[in-house]
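1. quick one: sequence plus predicted model below, questions after.
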Amino acid sequence: NPKGGHYVTLSHCWGGVDFARLLKGTLHNFQERIPLNELPLTFRDTIHFARRLSSKVRYIWIDSLCIIQDDFDDWLAESTQMYEVYRNSYCNISATAAINSEKGLFFQRNPHQLWGDEVALNTEGIPRPLAKEPPNQHLGPLIRRCHVLDLSFWDREVDKAPANMRGWVLQERLMAPRVLHFCKHQIAWECHHLNAAERFPHGHLIPDRYGRQPISTIPSEVSDAAHENWKRVVERYSKTGLTEAKDKLIALAGIAEMMDAQIRGRYIAGMWEKYLASQLLWRVDPVFENGLFSYPSRRPGCYRAPSFSWAAVDAPQGIRCGQTM
């Protein structure tokens, strides 16, 4: 009879590190107790942090401790429901900057990088809208304080960080109600309403790219907006990597399940029947090097999708979806 309460989840890179995990042979031991010193540093840091979040947070879900890793039936059953685990969590803690499970959540960092950059700008002589100038009044020099924004911060510290280049993590990130990213130089926050960081506590100016819920109530507009979201998700997902190539569609199944009610159509190998004509126009993004364009991509050794689907190829630079028709 476990007590009620919230739970948190963890997104991380395994990184080839050997550590205690749930197996058929360790199931009994795990049911008795899990010695903390047998867990990697990232897990220990996450448990320590989660215990300080709130008295209502009583549990933590970590894939390698909650899914029997050498039982395919258990893995298949749990992996297809994993999106529910993240969607119903209190918060997803992401070891965003850690390249493996022994790097932990926390890094040595320079506090100066958290300082805001401000400049005093003299706008005298710069034309201003006449409607804002009081009539018959001479305006002297106007000094304005301006904030200098690092527009590449989110792309550099969050989107292209090691954990977020894993295919499974994109689904975890989009399904969770909120994510705390432990980046290399600061902590970042992500939810459906705000993307922020220690240096940008009131929000960071990044485009609304994927995973947002359409707000229209007109069915056709909801479907079109959801399909545009799906295209952005696919383009982002195509740039991530998977340890097992066969997981390409499984690791995206949760987002497809979520969007099914909005797009209202049959889902076919990473595409939607309703928009199939335009989705067949996907292409591999080119790479320009030494004055030439190339299109590096490969097909995995195992079959996972028909050749007309973007899911049939791996391209590290990603794919580009066709225009909706």
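-> Structure's in. What do you need?

2. for the stretch 151-300 of the chain, which segments are assigned as helices?
-> 153-154, 167-175, 219-237, 253-263, 276-279 (DSSP state H, counting those that start in this stretch).

3. now the first one: average pLDDT?
-> Per-region confidence: helix 153-154 scores 88 on mean pLDDT.

4. repeat for the second one
-> Computed over helix 167-175, the mean pLDDT rounds to 92.

5. CA atoms of it as PDB?
-> C-alpha atoms of helix 167-175 as PDB (Å, rounded to 0.1, in the frame of the first residue of the first chain):
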ATOM      1  CA  GLY A 167      16.100  10.200 -29.700                       C
ATOM      2  CA  TRP A 168      14.200   8.900 -26.700                       C
ATOM      3  CA  VAL A 169      14.800  12.200 -24.700                       C
ATOM      4  CA  LEU A 170      12.900  14.400 -27.200                       C
ATOM      5  CA  GLN A 171       9.700  12.500 -26.400                       C
ATOM      6  CA  GLU A 172      10.400  12.700 -22.700                       C
ATOM      7  CA  ARG A 173      11.100  16.400 -23.000                       C
ATOM      8  CA  LEU A 174       7.900  17.200 -24.900                       C
ATOM      9  CA  MET A 175       5.600  15.000 -22.900                       C
END
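
6. now it: how far from the chain's centre is it?
-> 5 Å (Cα atoms, centre = their mean, to the nearest Å).

7. returning to that earlier point: of the helices of the stretch 151-300 of the chain, flag the one that's most buried.
-> Ranked by mean neighbour count under mean count of other Cβ atoms under 10 Å, the helices of the stretch 151-300 of the chain are led by helix 167-175, which reaches a mean of 23. The way it works is simple: take the backbone N, C-alpha and C, and place the C-beta from them, glycine included.

8. now do that helix: which elements does it pack against?
-> Under the contact criterion of 3 or more Cβ pairs under 8 Å, 6 or more residues apart in numbering; DSSP states H and E, helix 167-175 touches strand 6-11, helix 82-87, strand 91-94, helix 219-237, helix 253-263.

9. what's the shortest one packed up against?
-> When contacts are defined as 3+ Cβ pairs under 8 Å, 6+ apart, strand 91-94 sits against strand 6-11, helix 41-51, helix 167-175, strand 178-182.

10. what's the lowest-mean-pLDDT helix or strand in the chain in contact with?
-> Scoring the helices and strands of the chain by mean pLDDT, DSSP states H and E places strand 143-147 at the bottom, with a mean of 78. Residues from elsewhere that reach strand 143-147, judged by Cβ atoms under 8 Å, 6 or more residues apart in numbering: 116, 117, 118, 119, 120, 121, 122, 123.

11. which of those has the weakest pLDDT?
-> On pLDDT alone, residue 116 ranks lowest of the contacts of strand 143-147, at 71.

12. so where's this structure uncertain?
-> Along the chain, the model assigns pLDDT under 70 to residues 1-3, 128-141, 205-220.

13. hang on, the earlier thing: of all the helices and strands packed on strand 91-94, which one is nearest residue 284?
-> Set against residue 284 and scored by Cβ to Cβ, these come closest in helix 167-175, at 17.0 Å.

14. quick one on the thing from earlier: mind putting the helices and strands packed on strand 91-94 into TSV with distance to residue 311?
-> Shown next, in TSV, are these (distance: least, Cβ to Cβ, whole Å):
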stretch	distance to residue 311
strand 6-11	22
helix 41-51	30
helix 167-175	11
strand 178-182	25
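
15. between these, which gets nearest to residue 25?
-> Counting by Cβ to Cβ, residue 25 lies closest to helix 41-51 out of the helices and strands packed on strand 91-94; the figure is 19.6 Å.

16. coming back round to it: can you redo the contacts of strand 143-147 as JSON lines with secondary structure?
-> Converted to JSON lines, the contacts of strand 143-147 look like this (DSSP: H, G, I helix; E, B strand; the rest coil):
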{"residue": "116", "secondary structure": "coil"}
{"residue": "117", "secondary structure": "coil"}
{"residue": "118", "secondary structure": "strand"}
{"residue": "119", "secondary structure": "strand"}
{"residue": "120", "secondary structure": "strand"}
{"residue": "121", "secondary structure": "strand"}
{"residue": "122", "secondary structure": "strand"}
{"residue": "123", "secondary structure": "coil"}
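
17. any chance of JSON lines for these, columns neighbour count?
-> Listed next are the contacts of strand 143-147 as JSON lines, based on neighbours: other Cβ atoms under 10 Å:
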{"residue": "116", "neighbour count": "10"}
{"residue": "117", "neighbour count": "10"}
{"residue": "118", "neighbour count": "10"}
{"residue": "119", "neighbour count": "9"}
{"residue": "120", "neighbour count": "8"}
{"residue": "121", "neighbour count": "12"}
{"residue": "122", "neighbour count": "10"}
{"residue": "123", "neighbour count": "13"}
